[in-house]
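[1] Okay, sequence plus prediction incoming.
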Amino acid sequence: MKRRTAKSAASTLSKSQSATGAKAAKLERRLMKYDELPEYLRDNEFITDYYRCEWPLKDVILSVFSLHNETLNIWTHLVGFLIFLGLMVMSLTEKMTLENVIAGLFGEGSEGEGLLKTKMMTQSNGSNAFFPDSYLRHITQSPISTMTRHSNPLPFWPWLVFLTGTMGCLIFSTVSHLFACHSKRFYFFFWRLDYAGISLMIVSSFFAPIYYTFSDHPYWRLLYLSSITLVGVLVVITLLAPALSAARFRSFRAALFLCMGFSGVIPATHAVVLHWDHPQIRGSLGYEVVMGALYGVGAVFYVTRIPERWRPGAFDVVGHSHQIFHVFVVAAALAHCAATLIIMEWRQGLPV
């Protein structure tokens, strides 16, 4: 009788412990409110709910398919990464044309494709767009890989540097938004990785336009490329300081990256002065202006935390500033992609 009682008590205790453990596990994976978070995870007080906090790694990984306040931050840059991965594959398989890029983004024969082409072409009333109609037809139908097979082959590696750097930034951002909630150690590691990715993207974006535009001016080319690379390294080293990952340094980080990006005004102005008589350079400059505007507007959303600042809690899952910022980053990178394609085709057409 005593043995049965002991066994019964042990069984009850075991069930109780299992139930407690299951309840604790469920509690561990629940979404939390801002006020419940540890200090290091408190970044934006206007996003009030749907936080993951110190979840197990398996649950963190699976959360890519669940709904929380980082879901769209993850997917906006994951989709961007896949777009640029597609561009990389198209480049390496000899199918990369501006026409293919437009069709791939907007759909074959879509209204968006026709609208973009119309904007780039000379209008029927004679007003000039960024570059002539005949040039547009040529560039949109010429595979980028054929540029390496002319009598004056164009080096392909600067274009690949740009694509690789952009993909690196987007995937670093994706994994940072996914994993940073796991622990304090992960938080600081992944946000430093994210900042390094932004620097990588900015630096790599300089390579193709500067390399091709200043092909006849190797000293200027070396100066500009080495300068932006050095600045990028210094920015990464600066942002390794854990304190600079804090929310109060949001404006400082944005200013640092914007200064890096807008330093491109110097070589761009130099290029326009050197090649003003070439409409392709003016055309590529138009796209670069669009790129700069997109980055600038995105940074405004990032710093001001609009619209969630206006209605705290209303944009916790969909529509908050960081998601909008991500969309602007991808759009700006695509504008830079178009500018670079124009420069590459122009460079290939010049005599040796």
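    Now that the structure is in, tell me what you want to look at.
[2] pretty sure F172 contacts M201?
    No: in this structure F172 lies outside contact range of M201 using C-beta atoms under 8 Å: 9.0 Å. Where you see a C-beta, it was placed from the backbone N, CA and C, and this is true even at glycine.
[3] of these two, who's got more company?
    When neighbours are counted by other C-beta atoms under 10 Å, F172 and M201 differ, and M201 comes out ahead with 27 against 23.
[4] Pull up the gap between the more buried one and S66, please.
    According to C-beta to C-beta, to the nearest Å, M201 and S66 sit 28 Å apart.
[5] Now M32: phi and psi?
    Backbone torsions for M32, taken as degrees, to the nearest 10, come to phi -110, psi 160.
[6] For the helix or strand encompassing Y219, buried residues please.
    Element membership for Y219, per DSSP states H and E: helix 218-238. Within helix 218-238, the residues that count as buried by 16 or more other C-beta atoms under 10 Å are W220, R221, Y224, L225, I228, V231, G232, V235, V236.
[7] ok, now stretch 257-272?
    Counting neighbours by 16+ other C-beta under 10 Å, stretch 257-272 gives F257, L258, M260, G261, S263, G264, P267, A268, H270, A271 as buried.
[8] how much distance is there from it to the middle of the chain?
    Relative to the chain's own centre, stretch 257-272 is displaced by 19 Å; criterion: C-alpha atoms, centre = their mean, to the nearest Å.
[9] could we number from 15 for the rest of this?
    Fine by me, first position is 15 from now on; the one you just mentioned is stretch 271-286.
[10] who touches that stretch?
    Under the contact criterion C-beta atoms under 8 Å, 6 or more residues apart in numbering, stretch 271-286 has outside partners 212-213, 216-217, 219-220, 223-224, 227-228, 234, 238, 242, 245-246, 249, 295-296, 299, 302, 306, 309-310, 313.
[11] out of the buried residues of helix 232-252, who's nearest W324?
    V249 (31.6 Å; C-beta to C-beta).
[12] roughly how far apart are that closest one and P326?
    Here V249 is placed at a distance of 32 Å from P326 (C-beta to C-beta).
[13] So which residue is dead centre in the chain?
    L184 (4.2 Å; C-alpha atoms, centre = their mean).
[14] Show the contacting residues for it.
    Contacts for L184 (C-beta under 8 Å, 6+ apart) come out as H91, L92, G94, F95, F98, G211, M215, V344.
[15] Report the two of the residues you listed separated the most.
    Across these (C-beta to C-beta), the longest gap, 15.3 Å, separates L92 and M215.
[16] Pull up the distance across stretch 188-202, start to finish.
    In stretch 188-202, first residue to last residue: 15 Å (C-alpha to C-alpha, to the nearest Å).
[17] Quick one: distance of that stretch to the chain centre.
    17 Å.
[18] can you list the residues that contact it?
    Applying C-beta under 8 Å, 6+ apart, the contact partners of stretch 188-202 are 52, 54-55, 65-71, 74-75, 77-78, 84, 87-88, 91-92, 95, 204-205, 207-208, 211, 256, 259.
[19] Flag every buried residue along that stretch.
    Going by neighbour count (16+ other C-beta under 10 Å), the buried part of stretch 188-202 is T188, V189, S190, H191, L192, F193, A194, C195, H196, S197, F200, Y201.
[20] Of the residues you listed, which is the nearest to L348?
    T188 (17.2 Å).
[21] Among the buried residues of helix 232-252, which one sits closest to T318?
    Of the buried residues of helix 232-252, the one sitting nearest to T318 (C-beta to C-beta) turns out to be V249, at 22.3 Å.
[22] Look up how far R323 lies from the closest one.
    Distance from V249 to R323, by C-beta to C-beta: 27 Å.
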